[in-house]
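J.: can't give you the sequence, but here's the structure:
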């Protein structure tokens, strides 16, 4: 299994981006784990989600990540010092 962590920022709940992203993941045979999720408290506040995406193969994961980027997701790459 191959995994990447994506992040969503902004008004992705109101815009229905979150359900689109999760739908892309499950319909392509991958799985997800919501690692962090913060909902903005006021209309002007942005929301944030960090989601680990796992797919059976690297090519499947790469294609899925590309689709998720089209929906506004960013790939979270580990930085030096991250555990």
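T.: Cool, got the structure. It should be emphasised that the depicted structure is a prediction, and the values quoted were computed from it without experimental measurement. Numbers count the residues shown, from 1 in each chain.

J.: alpha carbons only for contacts and neighbour counts from here, please
T.: OK.

J.: going by neighbour count, which residues of the least confident helix or strand in the chain by mean pLDDT are buried?
T.: Lowest mean confidence among the helices and strands of the chain (mean pLDDT, DSSP states H and E): strand 74-76, at a mean of 91. By 16 or more other Cα atoms under 10 Å, the buried positions in strand 74-76 come out as 74, 75.

J.: what lies in contact with it?
T.: The contact list for strand 74-76 (Cα atoms under 8 Å, 6 or more residues apart in numbering) reads 4, 5, 6, 7, 8, 65, 69.

J.: now do the contacts for residue 57.
T.: Contacts of residue 57 (Cα under 8 Å, 6+ apart): 1, 2.

J.: list buried members of the contacts of strand 74-76 by neighbour count.
T.: Neighbour counting by 16+ other Cα under 10 Å classes 4, 5, 6, 7, 8, 65 among these as buried.

J.: nearest to residue 43, of those residues?
T.: residue 8 (16.9 Å; Cα to Cα).

J.: by contact count, what packs against the helix or strand encompassing that closest one?
T.: Using DSSP states H and E, residue 8 sits within strand 2-10. Other helices and strands packing on strand 2-10, by 3 or more Cα pairs under 8 Å, 6 or more residues apart in numbering; DSSP states H and E, are strand 47-55, helix 58-70, strand 74-76.
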